[in-house]
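Undergrad: my questions concern the predicted model and sequence given below.
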Amino acid sequence: MAARSHTDDLRLAHVLADDADSLTMERFRAQDLHVSTKPDATLVTDADVGVEHGVRRTLGRARPRDAVLGEEAGSSGFGPRRWVVDPIDGTHNFVRGVPVWATLIALMEGDDVVVGCVSAPALARRWWASAGGGSWTGKSLLNAKPCRVSDIKEVGDASFSYSDLGGWDHIGRLDAIVALTRRCWRSRAYGDFWSHVMVAEGTVDIAAEPKLALHDMAALAVIVAEAGGRFSGLDGRAGPLRGNALSTNGHLHDAAMAFVGHFPDDDGDGGQDDGGSLHELGARRRGPGDGSGGSS
């Protein structure tokens, strides 16, 4: 199920996820859960800190030469291999008792993600992938089925998942998101990791978020790509390094870029990368809507 060169790393990612699941499920909905606010106004719990500490401790024994980047403790170590960890993606859901949260674990070699594992124990779901080894979902390496993106080719037939609207308003793309929701067959704000793993398994066709950190995206990027989809920034450049994300089944990537494409350094009158041009946005949005309005 995994490319030979990354089999041991993928197995280790599952061990790390198993340990994280034990801690997070013990603290989920705990009456004595400790919650504090970070300088960026996001929440952190004792579970976030505990998971990342545990991951770092295990990696220190199992992969002492690898670097680590975590949401809570930042970067440590040096070298071409770097583990990227989000101890709880969806901390606000975790705090409120909503079961949509996950631990994200990735291994990068240079700028390339070669292993990704997303574990959502409250949903009893896990997704993982390795470069060249395909994308999978299941309870374990031995109890899994392959993930494949959908074959939807028209925006009017697509299901679109987005994050909260405030972030889109902040980057000046709120009207574009609304326009895309009107063109799509269905739209829902599943948010966080869930939007992107559903793209990988073919239950959602387009997912986009306006602001993300590397730890939010690294594991998701390889899972979507190995499922046959595309994962890029809003500037159309592939991978998780752009500070935002668009994931699709591949067929719809350029069409989605025409709505959500965001090029902060562009003056608005030219195209960039492979996502179409900003000049084309207005014309595409003014086109006749197919599947306008949401469906239940």
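TA: Sure thing, it's come through. Values in this document were obtained by computation on a predicted structure and should not be read as measured data.
Undergrad: biggest helix in this structure, by residue count?
TA: Secondary structure assigned by DSSP state H gives helix 7-27 as the longest helix of the chain.
Undergrad: who does the helix or strand just after that helix pair up with?
TA: Per DSSP states H and E, the first helix or strand lying C-terminal to helix 7-27 is strand 35-37. Paired with strand 35-37 in the same sheet, following DSSP bridges, are strand 43-45 (antiparallel).
Undergrad: buried ones in the partner strand, by neighbour count?
TA: Burial within strand 43-45, assessed by neighbour count using 16 or more other CB atoms under 10 Å, is assigned to 44, 45. For glycine as for every other residue, the C-beta is placed from the backbone atoms N, C-alpha and C.
Undergrad: ok, the closest residue in space to residue 107 that isn't next to it in sequence to residue 66 distance?
TA: Closest residue in space to residue 107, ignoring its immediate chain neighbours: residue 115 at 4.0 Å, by CB to CB, 6 or more residues apart in numbering. Separation of residue 115 from residue 66 (CB to CB, to the nearest Å) stands at 11 Å.
Undergrad: what do the two both touch?
TA: residue 107 (CB atoms under 8 Å, 6 or more residues apart in numbering).
Undergrad: which residues in the stretch 151-296 of the chain form strands?
TA: For the stretch 151-296 of the chain, the strands defined by DSSP state E, counting those that start in this stretch cover 159-162, 186-188, 206-209, 230-232, 245-248.
Undergrad: how far off centre is the first one?
TA: The offset between the C-alpha centroid of strand 159-162 and the centroid of the whole chain comes to 13 Å, using CA atoms, centre = their mean, to the nearest Å.
Undergrad: below-threshold pLDDT in the chain: ranges please.
TA: Applying pLDDT under 70 to the chain flags the ranges 1-4, 265-296.
Undergrad: go again with 80.
TA: Scanning the chain for pLDDT under 80 picks out the ranges 1-5, 40-41, 263-296.
Undergrad: all helices in it, in order from the N-terminus.
TA: Counting by DSSP H, the helices of the chain are 7-27, 46-62, 91-96, 165-170, 174-183, 192-200, 214-226, 253-260, 279-286.
Undergrad: which one of those helices lies nearest to residue 148?
TA: Closest to residue 148 of the helices of the chain is helix 192-200 (CB to CB; 8.1 Å).
Undergrad: pull out the buried positions in stretch 74-89.
TA: 77, 81, 82, 83, 84, 85, 86, 87, 88, 89.
Undergrad: same question, stretch 20-36
TA: 20, 21, 23, 24, 27, 28.
Undergrad: show the end-to-end separation of that stretch, please.
TA: End-to-end span of stretch 20-36 (CA to CA, to the nearest Å): 20 Å.
Undergrad: hmm, back to that, which one's more surrounded, residue 115 and residue 66?
TA: residue 115 (31 against 20; other CB atoms under 10 Å).
Undergrad: now do that one against residue 34, distance only.
TA: 31 Å.
Undergrad: and what of residue 58?
TA: Applying CB to CB to residue 58 and residue 34 gives a distance of 23 Å.
Undergrad: please apply the same query to residue 103.
TA: Counting by CB to CB, the gap from residue 103 to residue 34 is 18 Å.
Undergrad: then residue 18?
TA: 24 Å.
Undergrad: and for residue 82?
TA: 29 Å.
Undergrad: over to residue 156?
TA: 47 Å.
Undergrad: cool, residue 152 as well?
TA: 44 Å.
Undergrad: could you pull up the residues touching residue 158?
TA: Counting by CB under 8 Å, 6+ apart, the residues that residue 158 touches are 152, 184, 185, 186, 205, 206, 252, 291.
Undergrad: now swap in residue 78 and tell me
TA: So residue 78 contacts residue 67 (CB under 8 Å, 6+ apart).
Undergrad: try it again at 10 Å.
TA: Taking CB atoms under 10 Å, 6 or more residues apart in numbering, we find residue 78 in contact with 65, 66, 67.
Undergrad: likewise for residue 174?
TA: Taking CB under 10 Å, 6+ apart, one finds 165, 166, 167, 168, 210 in contact with residue 174.
Undergrad: at 6 Å what do you get?
TA: residue 168 (CB atoms under 6 Å, 6 or more residues apart in numbering).
Undergrad: give me the domain ranges for the protein.
TA: 4-141, 155-286 (automatic domain parsing).
Undergrad: can you say which of the ones you listed is packed in most?
TA: domain 155-286 (a mean of 21; mean count of other CB atoms under 10 Å).
Undergrad: and that one, how far from the chain's centre?
TA: The answer for domain 155-286 is 11 Å, by CA atoms, centre = their mean.
Undergrad: could you check how far the closest residue to residue 159 other than its chain neighbours is from residue 229?
TA: Leaving aside its chain neighbours, residue 159 sits nearest to residue 186 (4.5 Å; criterion: CB to CB, 6+ apart). Residue 186 sits 18 Å away from residue 229, taking CB to CB as the criterion.
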